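Engineer: Turn this into a model:
(2 chains)
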2 protein chains.
Amino acid sequence: MNNPIIIAIDAMGGDNSPDKVIEGISLHSKLSQDVFYKIFGNKNIIFPFIKKHKIPEERYNIFHTDEIVHGEDSPLSAAKRGKKTSLWLAVESLKKNDADAIVSAGNTGALFLISKLNLKMIENIDKPALSALWPSKQGMNVVLDLGANIECSSKNLLDFSIMGSALLKALFEDIDAKVALLNIGSEEIKGNAMIKDTYKLLIENKYSLFEFKGYIEGNHIMDGDVNVIVADGFTGNIALKTAEGTSNFIIAELKKALSSNITGKFSSLLNFNNLKKFKNKLDPRLYNGAILLGLDKPVIKSHGSTDAIGFANSLKVCEKTIRGNLINRIKENIG
Amino acid sequence: MNNPIIIAIDAMGGDNSPDKVIEGISLHSKLSQDVFYKIFGNKNIIFPFIKKHKIPEERYNIFHTDEIVHGEDSPLSAAKRGKKTSLWLAVESLKKNDADAIVSAGNTGALFLISKLNLKMIENIDKPALSALWPSKQGMNVVLDLGANIECSSKNLLDFSIMGSALLKALFEDIDAKVALLNIGSEEIKGNAMIKDTYKLLIENKYSLFEFKGYIEGNHIMDGDVNVIVADGFTGNIALKTAEGTSNFIIAELKKALSSNITGKFSSLLNFNNLKKFKNKLDPRLYNGAILLGLDKPVIKSHGSTDAIGFANSLKVCEKTIRGNLINRIKENIG
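Structural biologist: From the prediction side, this is the model:
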């Protein structure tokens, strides 16, 4: 049996909430026995879904509030909206040590700003970074920063290397962390001054948490030779979004091709199981859950448009960051 | 009948050259009657392939030289290698007005440096940019800069908008050019200072060549709502390479899924025609040919690892840039 952990959840954010949030909790609660859910939001709206999705009483508490952060709020206006929104209260429960981590499917900017306002930065880290999981031929990569910091220093990128490796180890204990810097050429001569400085920092020192493997180009991110990909937030976001767009484009073209005539439809039916395996491997819900790293508690952002399965996967990622000692791993390795 | 045009070709660069180059010329020559090919390289090696691929005598000349630029040469060492390499001589023929454009499948950096050394920049353009075609749901995008300039000013990005639109119009006369800046958010507030300045420049003026549509995120590049995507060379290269890697990853996973058992193999066979259509639409050989814009003659880089069909497509792109008055379109629109 595991030590019981407590996850704070903003139930009111994202599309089709709180239905999918509560169903996601229900799915997760069946797989993970030693997790307690603190659910923040409007209890009159939430409770019927709790009944519908049959979450046992002893697994959750609802912390009622009428106020919510809207998707279209700017981070600043969301923070100014006050300390009674479900998002603020959920984050505040971490600050008060009433919960171990937070998951929200709501407004990303607001989640991050309110987290930064309430939680402490880990000592010696200057900037938090947004990280996510990204599939590769060999398994799974951690990629960061995905947009929290448009401009970064070499010190930031060094911190990101450590935090990303700590996350990888927290999620996949047995995997060795191999860090690469996202750049436009694999030779030492390419890239801007900041990237070259980071390269020097990483190559001249030894880090017990990870092995530094040099530069990587965008076309090799998914090869699996390295598993922690580090970039400034602008570059990382461009890469992530472009991969998403390319993937959507190809899947749409494939669907069109496979359903364009009777033979296509018939043989796709025969092929259903194989295509399903393919679809499952690429299912974005599997990788759902961006993690804000650098604060002294795990802050997890579920995709706003995901469904209950995706939300349950965010809870799984969240649980793993806690059980895998993410925060301590970072603290022990930050210089 | 079209006016005859002259294309200079470095026959010695890229994998499996000059075989694929000569076969590519042969393929192109059958579709385009009014093109003359000036082929630079070792005639003893080239001539047997000319015989093999049956190019009529009146369609080409071979300009003999023993010296070649190697793939592993740095651009500088390639330029220093002297003025007798097939690449240098091919570019020099443009300078002497003996040819209208050049195509090479060889060393990219060397092609660009030797082109910059020999050819004039178009007046009022500070930096040349590397552009390429990128498929979208609606047709085809022009994307630039793909790596010629790591750091750019707003003036550069404005120039890229004009040059990219001129290229689109030269290739697809009937299509309206719609420019967007690649950024990490679609709202005006995101992005770095340089991008915001470019946004202002583009929104405050009217350009007859294109319509400015604001920012675009990586996940919308292939939607087709805009067709000229502008970025600094670092960002553009990251996007292009990441799209390439994602595409390779998905196609490899799909192949694995479709051939993983007997049913899969059988139904994929039934589905052969549909899958072939799909493959054709994504065939990178169709989009083969990066164009260096900003010099006073078109400089086309064919992918080093492409085959004869890919090389023939580069020749087609090259021919279109000449017949579509690419250079004049740029000159007329640069402020």
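Engineer: can you give me the helices for the stretch 201-335 of chain A?
Structural biologist: Ranges of helices in the stretch 201-335 of chain A, per DSSP state H, counting those that start in this stretch, are A:233-258, A:262-270, A:272-282, A:308-323, A:326-333.
Engineer: looking at the ones you listed, which one has the lowest mean pLDDT?
Structural biologist: Per-segment mean pLDDT for the helices of the stretch 201-335 of chain A reaches its minimum on helix A:262-270, at a mean of 58.
Engineer: Tell me how many other residues crowd the residue in the stretch 51-200 of chain A that chain B sits nearest to.
Structural biologist: Nearest residue of the stretch 51-200 of chain A to chain B, counting by C-beta to the nearest C-beta: residue A:184, 4.1 Å away. All C-beta atoms are positioned from the backbone trio N, CA, C, and that covers glycine. Close neighbours of residue A:184, defined as other C-beta atoms under 10 Å in any protein chain shown, add up to 23.
Engineer: Leaving out chain neighbours, which residue sits closest to it?
Structural biologist: Spatially, and ignoring its direct neighbours in sequence, residue A:184 is nearest to residue B:237 (4.1 Å; C-beta to C-beta, 6 or more residues apart in numbering or on different chains).
Engineer: what's the spacing between that neighbour and residue B:177?
Structural biologist: Residue B:237 is 22 Å from residue B:177, where distance means C-beta to C-beta, to the nearest Å.
Engineer: do residue A:72 as well
Structural biologist: Taking C-beta to C-beta, one finds residue A:72 at 32 Å from residue B:177.
Engineer: neighbour count winner among the two?
Structural biologist: residue B:177 (22 against 8).
Engineer: my guess is that one contacts residue B:213, does it?
Structural biologist: No: Residue B:177 is not in contact with residue B:213 according to C-beta atoms under 8 Å; the separation is 10.1 Å.
Engineer: Output the contacting helices and strands for the helix or strand hosting residue A:29.
Structural biologist: Per DSSP states H and E, residue A:29 falls inside helix A:19-31. Judged by 3 or more C-beta pairs under 8 Å, 6 or more residues apart in numbering or on different chains; DSSP states H and E, helix A:19-31 is in contact with strand A:35-41, helix A:43-52, helix A:308-323.
Engineer: ok, now with 7 Å
Structural biologist: In terms of contacts (3 or more C-beta pairs under 7 Å, 6 or more residues apart in numbering or on different chains; DSSP states H and E), helix A:19-31 is packed against helix A:43-52, helix A:308-323.
Engineer: so of those helices, which one's packed in deepest?
Structural biologist: helix A:308-323 (a mean of 23; mean count of other C-beta atoms under 10 Å in any protein chain shown).
Engineer: Output that one as PDB - backbone C-alpha positions only.
Structural biologist: C-alpha atoms of helix A:308-323 as PDB (Å, rounded to 0.1, in the frame of the first residue of the first chain):
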ATOM      1  CA  ALA A 308     -12.500  12.400 -18.900                       C
ATOM      2  CA  ILE A 309      -9.800   9.900 -20.000                       C
ATOM      3  CA  GLY A 310      -7.400  12.700 -20.700                       C
ATOM      4  CA  PHE A 311      -8.200  14.300 -17.300                       C
ATOM      5  CA  ALA A 312      -7.700  11.000 -15.600                       C
ATOM      6  CA  ASN A 313      -4.300  10.800 -17.300                       C
ATOM      7  CA  SER A 314      -3.400  14.200 -15.900                       C
ATOM      8  CA  LEU A 315      -4.300  12.900 -12.500                       C
ATOM      9  CA  LYS A 316      -2.000   9.900 -13.100                       C
ATOM     10  CA  VAL A 317       0.900  12.200 -14.100                       C
ATOM     11  CA  CYS A 318       0.200  14.300 -11.000                       C
ATOM     12  CA  GLU A 319       0.200  11.200  -8.800                       C
ATOM     13  CA  LYS A 320       3.500  10.100 -10.300                       C
ATOM     14  CA  THR A 321       5.200  13.400  -9.700                       C
ATOM     15  CA  ILE A 322       4.300  13.200  -6.100                       C
ATOM     16  CA  ARG A 323       5.200   9.500  -5.600                       C
END
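Engineer: thinking again about what came up before, what's the burial count for the residue nearest to residue A:184?
Structural biologist: 23.
Engineer: okay but it is in contact with residue B:148, surely?
Structural biologist: No: between residue B:237 and residue B:148 there is no contact under C-beta atoms under 7 Å: 9.2 Å.
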